[in-house]
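*Asks:* the following comprises the amino acid sequence and a computationally predicted model.
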Amino acid sequence: MRQTKLFLFIFAAIGLVLAACSKDELKVKTSQVGVALTNPAGLTNPQITDIAVEFKEVNSGVESKFNLRSAAELSNLTLPEGSYNVNLEGTVTFGADNDRQTSKIRGYKQGIIISGGEVKLNIPLFLYNVASKFVFQEIFFTGTVTKEGKQYNGDKYFVIYNNSEDTLYADGLVISEAQFLTTTKRNYIPNIMGEAFTAGSIVMIPGTGKQYPILPGKGFTIANNAINHLEYNSNSFDLTSAEFELTLVGSINVDNPNVPDLINLNGNMTMHNRGFKTYVIARFPQNMTIDAYKAANYYEYKYLNSAGDTTKQNAYKIPNAWIMDAVNLSVETNYEWILTDPSLDMGWSYCGKVDSDKTRYGKAVRRKELLTNPDGRVVLKDNNNSTLDFDPEVTAKYLIKQ
Amino acid sequence: MRWSFIITILVLGTAVKASAQDSIPTKLWKEQASPVTYVRDDVYSNPALKSYQRVNTYSLIAASYRKSQQDLYLQQLGSGAAGLHVHSETYLKPNERTTLWGKAYYTTQTIEQVKFNESADYSIIYPYVMVDSVGGNMKSETYFFSGGIAQSVGVYQWGVNASFKGLQAYRNRDPRPKNISSEITLTLAGSRKIGQHYALGVDVTGVKYNQSNTIQFVSDLGRPLLWHDAGLGVYNKLLAGTRDAAVHNGFMVGGKLNFVPTTRNGFFVTAGVQQYNVGKKLGSVIDEVARTKETKVEADLGYMQERNNTQLIVKAAFESVKRKGIETKFDNKSSQLSLVPVSEDLRYLHEYTIAQVRAVYGKTGGLVDWFVGADVSYDDQSQRYVDPNRTLTYTNIIAGVDLTLRKQCSNILFSLQGEYKQIENQDKNKVWNLDPDKPSIYQMLNSNFEYLTTGGTYFGGSLRADFPVAPKVTGFVQVNGANQTGINKSDYKATMGVLF
């Protein structure tokens, strides 16, 4: 009898434990999100329609896309909790009743935390109108590898393309590499990103103003060193055909006297070989001297460093209004932010998926072709979104030529 | 750690030598080489019931070399292993009231083709392992020693068991993981005799687990992508890249109830529950990035009989496990701050139920001793991940029979064992969307699924010879071989040792 009770006790214990083994529901927590839009200043009676909004959760990489007819439908969206980058495109109609105009409109915001029951967020919008101009066609910033397995850096280059239907002049064109890194997000004070680009190295194409005409649909190459790199590295290529070359720091600069050098306005442009920087093409206002530019665009900024102290530094800024094209570069695993106002570039491209990715060498980012005109002129895609406009990790064009 | 191991072996060996004279080699061999014993030992695993586990005291020191290889395999665990195992154990009864036992082993092996896992102790920390796209052979060394004591006080017994397991796993070429783990276990137990034939026992076990998991690359040109798996090939993109140091800290608490016969004749019932939680931290992130919470419920029910020259044991075992994977989502506000946690979700769930019935009947004393065994098991597995949604489920049934023959020829004791099993998949399902950007992960998932759901036929066998080497000291050699179709697995082992 006593043993029977013990058996019953043990079976009851088993039964209780088994009853506790209920099935769990796998469901991530969600929040209700209300999105308000801030229209660009100066628009009369704006009405936004045909909205495509994409929320990308940065932990999971999961994209939630909504296609909406009006801004009112943005007031109640359901999203999993997380940290998001938001990308919005739509159409805005504005103006007086008898003079309504239509334009494309965009918004971009990153680092939005959606957590808790209800979240309200505001996305500032900006108009965009893609005007044809000089654009980056290809940026080769990774360099190559020697047969001995060593990095080789002198063969980097830019290819700049006339994406318009007019002949443009390369004279005075400015190329700049960002002062900051797309992989290191900081709260720089004052924050000038909405009005200007913070430049690190700045170089300028020389010329009289009409010395270097570039025909529609044609491009030109700016090499680090415009030499035949095959003489030093059999895995590289010949860059003696480049139209221009940079003046690098003395230890790695090799001058080709037959190729014009760019003018260094600030520092030497070495091109970050892991692709953590942003590049812009700009043109200064007519008759602006280099000294006048520097005097008017000196930028002192500060930020809180990792030790908790304030670091003060300085750079030059390039007003957004002067910038023709911008390309943010990063790597997925280290990307933290873009270094331009979203109206210049709201995306980023890459070579390599991780910091120091050893598969990146010999690869470039190249702008996609949009269409070919009946006259044979290729128009490149330029929607101010490098994520969509560029093919990442393509073989550098000079390597293909071989 | 090597010295600790050697000292443990020496201490055990000395203790054993002093008491081994009480044992009778033939009886010992018969108990040691009986398939009934293997099943029965588990029933008496509670330290306060150890005194009923064996009739004969013994000590054993053995060394074995094992090599296994299979075509289909769980990528994270490798395609096979080759290595040396040195093993020592003892079971003593220095007086009527006291039982002592101890165990120590050292294993050095090379595990081949480990992919999608650069961490150690996969079964403890999965799915949160460090991963790169390269992988390769992994060397590992394991040290283990444990010991326990049980003592009776009237109808009561108390028992305690403590163990330490240390492991290091590494590779000497890129990628170069270096993983060091330790597992410390303490079990406290008590039992009470119930009548003349039964005892009721209870034990409580605590485990402290720790693993340091780092990886290095020495190539000048860079490194491949490093990420931290979250289950079924999913990983947190914010944590991927170059975060190459992780720490896993865990603890387990569990308890068991045992109702067992004290004479190895009668019914037995055991029931237990345990909770094993392991958290994962990365070197550059303050907060935990993930945590597993595993609840395990197990129960055994059976009957054993040892009468005259017959032995019988029938055991039905049930095990239900639920492992929850809880992940943190972060925000990268700025590089000045560590990642800031913004949300936490149960994203991964592995649930499985295993039910098994094993029966062995044997007769000794005739021309040959023989044992015939049969077993059938049901294995129902479900792994799920949410956002993105992925599922892997399957049900396998395994049924088998085995036969063991023992014969003494002159002063050599032979033991021949053969085993046949049929593995059949009853149900399987997989859901994961093809991700063209991650073809290797897709292939890994498919390969693992194929391995887990492939049926086949298993043949295994062993031959053991025991021979006298000194008064009351037996030497033995044993060879084992097994082959499984479907996954094309082969497994060979050669062992030599002494028993006294």
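*Replies:* Looks like it came in fine.
*Asks:* regarding the residue of the stretch 251-400 of chain A found nearest chain B, what is its secondary structure?
*Replies:* Residue of the stretch 251-400 of chain A nearest chain B, by Cβ to the nearest Cβ: residue A:333 (2.8 Å). No exception for glycine: its C-beta is placed from N, CA and C like everyone else's. Judged by DSSP: H, G, I helix; E, B strand; the rest coil, the three-state class of residue A:333 is coil.
*Asks:* so who does it touch?
*Replies:* Counting by Cβ atoms under 8 Å, 6 or more residues apart in numbering or on different chains, residue A:333 touches A:353, A:354, A:355, B:225, B:237, B:240, B:241, B:242.
*Asks:* residues of the stretch 251-400 of chain B that sit close to chain A?
*Replies:* Residues of the stretch 251-400 of chain B lying near chain A by Cβ under 8 Å from any Cβ of the partner chain: B:257, B:259, B:267, B:269, B:271, B:273, B:295, B:297, B:299, B:320, B:322, B:324, B:329-336, B:342-343, B:345-347, B:349, B:351, B:384-388.
*Asks:* on the pLDDT front, check residue B:307 for me.
*Replies:* The model reports residue B:307 with a pLDDT of 87.
*Asks:* now for it: which residues touch it?
*Replies:* By Cβ under 8 Å, 6+ apart, the contact list for residue B:307 reads residue B:265.
*Asks:* switch the cut-off to 10 Å
*Replies:* Going by Cβ atoms under 10 Å, 6 or more residues apart in numbering or on different chains, residue B:307 touches B:264, B:265.
*Asks:* how near is it to chain A?
*Replies:* For residue B:307, the distance to chain A equals 20 Å [Cβ to the nearest Cβ, to the nearest Å].
*Asks:* same deal with residue B:97?
*Replies:* When residue B:97 is compared with chain A (using Cβ to the nearest Cβ), they lie 25 Å apart.
*Asks:* re earlier: now the residue of the stretch 251-400 of chain A closest to chain B. Nearest residue, chain neighbours left out?
*Replies:* Nearest residue to residue A:333, sequence neighbours excluded (Cβ to Cβ, 6 or more residues apart in numbering or on different chains): residue B:241, at 2.8 Å.
*Asks:* and if you look at residue B:389?
*Replies:* Closest to residue B:389 by Cβ to Cβ, 6+ apart is residue B:431, at 6.8 Å.
*Asks:* ok, now residue A:140?
*Replies:* Closest residue to residue A:140 apart from its sequence neighbours, by Cβ to Cβ, 6+ apart: residue A:364 at 4.0 Å.
*Asks:* for the one you found, name its beta-bridge partners.
*Replies:* residue A:394 (DSSP bridges).
*Asks:* that one reaches residue A:352, doesn't it?
*Replies:* No. With contacts counted by Cβ atoms under 10 Å, residue A:364 stays clear of residue A:352, the gap being 11.6 Å.
*Asks:* remind me, longest strand of chain B?
*Replies:* When chain B is parsed with DSSP state E, its longest strand is strand B:340-363.
*Asks:* and that strand, what does it pack onto?
*Replies:* The criterion is 3 or more Cβ pairs under 10 Å, 6 or more residues apart in numbering or on different chains; DSSP states H and E, and the helices and strands that strand B:340-363 contacts are strand A:82-94, strand A:101-114, helix B:35-43, strand B:226-231, strand B:290-307, strand B:310-331, strand B:369-385, strand B:390-409.
*Asks:* so the longest one versus strand B:290-307, what angle?
*Replies:* Pointing back at strand B:310-331 there. Strand B:310-331 runs at 180 degrees relative to strand B:290-307, counting by axes from the mean of the first three to the mean of the last three Cα atoms, to 10 degrees.
*Asks:* buried stuff in strand B:310-331?
*Replies:* Across strand B:310-331, burial judged by 16 or more other Cβ atoms under 10 Å in any protein chain shown covers B:311-315, B:317-331.
*Asks:* run the chain-centre distance for that strand.
*Replies:* Computed by Cα atoms, centre = their mean, to the nearest Å, the chain-centroid distance of strand B:310-331 equals 12 Å.
*Asks:* partner strands of it, with direction?
*Replies:* For strand B:310-331, pairing defined by DSSP bridges yields strand B:290-307 (antiparallel), strand B:340-363 (antiparallel).
*Asks:* now the longest one, how far from the chain's geometric center?
*Replies:* Average the C-alpha atoms of strand B:340-363, do the same for its chain, and the two points are 14 Å apart (Cα atoms, centre = their mean).
*Asks:* mean confidence score for it?
*Replies:* Throughout strand B:340-363, pLDDT has a mean value of 95.
*Asks:* tell me which residues of it are tucked away?
*Replies:* Buried residues in strand B:340-363, defined by neighbour count with 16+ other Cβ under 10 Å: B:341-354, B:356-362.
*Asks:* then the first one?
*Replies:* In terms of neighbour count (16+ other Cβ under 10 Å), strand B:290-307 has its buried residues at B:290-292, B:294-302, B:304-306.
*Asks:* which residues does the nearest residue to residue A:178 once chain neighbours are set aside contact?
*Replies:* Distances taken as Cβ to Cβ, 6+ apart place residue A:278 nearest to residue A:178, at 4.0 Å, with adjacent residues excluded. Contacts here follow Cβ under 10 Å, 6+ apart; on that basis residue A:278 touches A:176-182, A:197-200, A:272, A:326-330, A:338-340, A:344-345, A:348, A:386.
*Asks:* tell me the confidence at residue B:54?
*Replies:* 90.
*Asks:* just give me the neighbour total for it.
*Replies:* For residue B:54, the count of nearby residues is 20 (other Cβ atoms under 10 Å in any protein chain shown).
*Asks:* let me know whether it touches residue B:91 as I believe.
*Replies:* Yes. In terms of Cβ under 10 Å, residue B:54 counts as a neighbour of residue B:91; the distance is 5.5 Å.
*Asks:* give me the common contacts of those two.
*Replies:* By Cβ under 10 Å, 6+ apart, the residues touching both residue B:54 and residue B:91 are B:41, B:99, B:101.
*Asks:* all good on my end, thank you.
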